[in-house]
Structure formats: structure tokens, C-alpha cells
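J.: Below are the sequence and a predicted model; questions follow.
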Amino acid sequence: MQLKVRGDQSELFDYTRAADFPVYANAKGHLSQFPSLTTLAHWHDDLEFTVMLSGKKVCHVNGTPVTVTEGDGIFVNSRQLHFDSSPDRSDCRYICLLVHPMLLCASPYVERMFIEPVLTNAPPYVLLERDGWAGKLCGLLREAVESLQGPAGPLRVQAKLWEIWEELYTNLPHPPDAPRPRNQNLHALQSMVAFIQKNYKEKVTLEDIARAGRVSKSTCCKVFHKYSSQSPLGYLIEFRLRKGMELLRSTDMTVTEVCFETGFSGPSYFSESFRRAFGCSPVEYRKRQGQ
């Protein structure tokens, strides 16, 4: 899947109905649609809700692994660094709903009293276990995703979103007056990831990545391992490979052209890295996409 980003390298979505109705709904998500059953570490302004339909996955939020099993869900707050994985390499099915906070800001009063406190002071994530209020919220999420179909779908979804937010806001621990303290390591990682995603076509060294985060090389490595479970150069290579997948799937570029377009030093290294990561050669991958 293609990763689109804004200027600050936060993820940008193709919303389901229209760019000016910022809701992304996916009723048929499955982890196997991502290479190695793992998503790349990313963040976005959108509020993210997931409900597991079958199986389980581990959602890593700001370096904390959270196992989400069938029937449960998870809420990931705005602008939190996160990625999903399947440690036992098993697939799972889930529904996913992403909503930009501005859709909930019906007035300055609502934004000030009910939206902004959650964005700035509430926890980075909330595990939605199937019992009690969270189970009700998961049911509302299912209804919201199903409601998007049809000409009046956005109106039905908008109504469901108010119910969802009321349930979440009412049951969260009362947000403290002071905002969460800024995590300097997490901020540095976001800057380093942004640098990689902007400069992946060029020659990039560990020193370059560390400099982008204004940290030492050793701190750079520690921060990447803590929050993304990868080394800095490992993240760089995987980002290049996923860009290569996009080009193989969507263009007629040769493997050699894709190799150099994505920052690899030569076709043999690109092909070797591709096979090691995805279990097939670039040529085999392209043939499969054409089937």
C-alpha cells in the first residue's frame, strides 16, 4: 500500500468519500496486505479506531506494544507514532476508522471543551476491551463503517461519530489540566523518519539520520529500536523497498531503473534485499501483480 505524507511527513490518507469529508473507513482490513505482515512506523493527525474481527495483532504505540485480540479494539490518539505487527506471522481481519479531529469540531466551544483536551492531555492510546463501555463503542464503530454506504452515508457516519466520541470522552479518565509532557526522543524520531522519507533516493548515512534528529548516532539507534523495532538503516532500506514495490506495481520502469530511483546502489543488492524482505524477486513480484 502506498504511503502518502504531508510536508511534515505525517501520513496523508485518501479519504473514503471526499477530501473535504475526512473519514477513512475500511471494513475489510487484513494485516497480510502489508509486506511481512508489518506496517511501517508512521503518524497522522487523524484519530484512529480499530476493531478486530478475527485473529490478533500487536499495535506498537510510541514504543509500547499492545496486543489486540478478536472482539476488542484500540483507539490511537492524534499524532502518535505507531505500527502494527504479527509476531507469530498469522493474519488477522479488522475494521478501521480514521477521522480527522476537525470533523468533530462543530463549534469553538465544542472544540475547546470536548476535543482539544483529549488531543493534548488524554493517553496516546486506549485498549477497547469487549466488555462494558468499550464493547458498546466497538459496536458503534462497526455501525459507523457500515453506515458510510449510500448517498446519505456521510450524514449517518457524522451522527455515529458523535455517539462514538461521547462514549470515549465520558469514559476516559478526566484529562489533567496540563498537557502531556513532550517526549524529546519521540520528537527526534519523527524528525529522523521525516528526513529518511524525504531523502531516501539519495545516499543517506547513519550520521545524516542522527543529525536530522539532533542526537548522537548511538542515541539515534536506541530511539529507532525502542519506537520502531528497527535500526535506522533498516528502516531506510525497508522504506526504499516499499517504494520499489509501488513502482513495480504501478509503472513500466525496469528493475534497474526502480533500483536507482529508490536509492539502492545496484540491481543485485536491490534484488537480494527485496527477496530477503518479501520472499520473491522484483520480477516475480511484478508478474504476480499482473495476474
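T.: Structure received. The structure displayed is predicted, hence computed values, not measured ones.
J.: going forward, measure contacts between C-alpha atoms and count neighbours the same way
T.: Noted.
J.: How many residues are close by Leu97?
T.: The number of residues packed near Leu97 is 20, by other CA atoms under 10 Å.
J.: Relative to Gly63, how far out is the closest residue to Lys56 other than its chain neighbours?
T.: Nearest non-adjacent residue to Lys56, counting by CA to CA, 6 or more residues apart in numbering: Thr69, 4.3 Å away. Thr69 sits 19 Å away from Gly63 when distances are taken as CA to CA, to the nearest Å.
J.: before we move on, the earlier item: run through the residues that contact the residue nearest to Lys56.
T.: Taking CA atoms under 8 Å, 6 or more residues apart in numbering, we find Thr69 in contact with 52, 54-57.
J.: Just read off the phi/psi values of it.
T.: Phi and psi for Thr69, reported as degrees, to the nearest 10, are phi -110, psi 170.
J.: swap in Lys56?
T.: phi -150, psi 160.
J.: what's near enough to touch it?
T.: Listed by CA under 8 Å, 6+ apart, the contact partners of Lys56 are 67-70, 86, 91-92.
J.: Would you give the sheet partners of the helix or strand Lys57 falls within, along with the direction of each?
T.: Using DSSP states H and E, Lys57 sits in strand 56-61. Counting by DSSP bridges, the strands paired with strand 56-61 are strand 64-69 (antiparallel), strand 82-85 (antiparallel).
J.: Need the contact partners of the last one.
T.: Meaning strand 82-85. Strand 82-85 is touched from outside by 31, 37-43, 57-63, 228, with contacts defined as CA under 8 Å, 6+ apart.
J.: rewinding a little: can I get the contacts of Lys56 in JSON lines with distance to Phe224 and pLDDT?
T.: What follows is the contacts of Lys56, written out as JSON lines (distance: CA to CA, whole Å; pLDDT from 0 to 100):
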{"residue": "Thr67", "distance to Phe224": "21", "pLDDT": "97"}
{"residue": "Val68", "distance to Phe224": "23", "pLDDT": "96"}
{"residue": "Thr69", "distance to Phe224": "26", "pLDDT": "95"}
{"residue": "Glu70", "distance to Phe224": "29", "pLDDT": "95"}
{"residue": "Ser86", "distance to Phe224": "19", "pLDDT": "93"}
{"residue": "Asp91", "distance to Phe224": "25", "pLDDT": "94"}
{"residue": "Cys92", "distance to Phe224": "26", "pLDDT": "95"}
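J.: contacting residues for the residue nearest to Arg240 when sequence neighbours are not counted?
T.: The spatially closest residue to Arg240, leaving aside those adjacent along the chain, is Thr262, at 5.4 Å (CA to CA, 6+ apart). Counting by CA under 8 Å, 6+ apart, Thr262 touches 200-201, 240-241, 243-244.
J.: coming back round to it: and the contacts of Lys56, which are buried?
T.: Buried by 16 or more other CA atoms under 10 Å: 67-70, 86, 91-92, out of the contacts of Lys56.
J.: Reformat those as a markdown table; add distance to Ile209.
T.: Compiled in a markdown table, the buried ones among the contacts of Lys56 are given as follows (distance: CA to CA, whole Å):
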| residue | distance to Ile209 |
| --- | --- |
| Thr67 | 30 |
| Val68 | 32 |
| Thr69 | 35 |
| Glu70 | 38 |
| Ser86 | 27 |
| Asp91 | 33 |
| Cys92 | 34 |
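J.: for these, which one is nearest Ala144?
T.: Nearest to Ala144 among the buried ones among the contacts of Lys56 is Glu70, at 18.7 Å by CA to CA.
J.: Contacts only, for Ser86.
T.: Contacts of Ser86 (CA under 8 Å, 6+ apart): 31, 37-38, 56-58.
J.: Show me the two of those that sit farthest apart.
T.: The farthest-apart pair in the contacts of Ser86, when distances are taken by CA to CA, is Thr38 and Lys56, at 12.7 Å.
J.: can you list the residues that contact stretch 211-226?
T.: With CA under 8 Å, 6+ apart as the criterion, stretch 211-226 contacts 63, 185-192, 195, 206-207, 209-210, 230-232.
J.: pLDDT wise, what is Pro151 at?
T.: For Pro151, the model assigns a pLDDT of 84.
J.: what about the strands in the stretch 1-150 of the chain?
T.: Along the stretch 1-150 of the chain, the stretches classed as strands by DSSP state E, counting those that start in this stretch are 4-5, 11-12, 23-30, 47-54, 56-61, 64-69, 73-76, 82-85, 93-99, 125-128.
J.: Chain neighbours aside, what residue packs nearest to Met253?
T.: Leu247 (7.2 Å).
J.: quick one: what helix or strand has the one you found in it?
T.: helix 232-250.
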